[in-house]
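**Student:** I need the structure of the sequence given here:
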Amino acid sequence: QVQLVESGGGLGPAGGSLRLSCVASERIWNSYSVGWFRQAPGKEREFVAAVSWRTGYAYYKDSMKGRFTISRDNAKKTVYLQMNSLKPEDTAVYYCNAGDLYENSYEPRDYWGQGTQVTVST
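**Tutor:** Numbers count the residues shown, from 1 in each chain. So this is what the prediction gives:
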């Protein structure tokens, strides 16, 4: 079974923090890395960050560095996205994805979670 389940979204104040979680199925944990994407209203889905289960290597979109931190807990098969210093433009649906992580790129596979809404208030 290939499954990704996100949680942790909600309403956060500008300047505040939220942490998203993504629980992966066994097959994903064994075979793929996990990445986060987001899609704001009227915009295309964009890559945020990805992490390797095995090494913990994390790769970020340049504009996400500094405020966002991706991490993983192998025992829980869970990937986290810590978001700090939230901005209104961070408002989006955040999706978890399984794919292939390389040193300087991430290639998503067609395995997606259902998404979790993040809304940043001004």
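**Student:** make it CA atoms for all contacts and neighbour counts henceforth
**Tutor:** Fine.
**Student:** measure the spatially most central residue of the chain to Pro108 for me?
**Tutor:** For the chain, the residue nearest the mean C-alpha position is Trp36 (2.5 Å; C-alpha atoms, centre = their mean). Distance of Trp36 to Pro108, given as C-alpha to C-alpha, to the nearest Å: 10 Å.
**Student:** and the longest strand seen in the chain, what other elements does it pack with?
**Tutor:** Of all the elements of type strand in the chain, the one with the most residues (DSSP state E) is strand 92-101. Judged by 3 or more C-alpha pairs under 8 Å, 6 or more residues apart in numbering; DSSP states H and E, the packing partners of strand 92-101 are strand 4-7, strand 33-39, strand 106-112, strand 116-121.
**Student:** Could you check the angle that strand makes with strand 33-39?
**Tutor:** 150 degrees (axes from the mean of the first three to the mean of the last three C-alpha atoms, to 10 degrees).
**Student:** and strand 92-101, C-alpha only, in CSV?
**Tutor:** C-alpha atoms of strand 92-101 as CSV (Å, rounded to 0.1, in the frame of the first residue of the first chain):
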residue,chain,number,x,y,z
ALA,A,92,-1.6,27.3,0.7
VAL,A,93,-2.6,23.7,0.7
TYR,A,94,0.6,21.7,1.6
TYR,A,95,1.0,18.3,0.1
CYS,A,96,3.3,15.4,1.0
ASN,A,97,4.8,13.5,-1.9
ALA,A,98,7.0,10.4,-2.4
GLY,A,99,9.8,10.6,-4.9
ASP,A,100,13.5,10.5,-5.7
LEU,A,101,15.9,12.8,-4.0
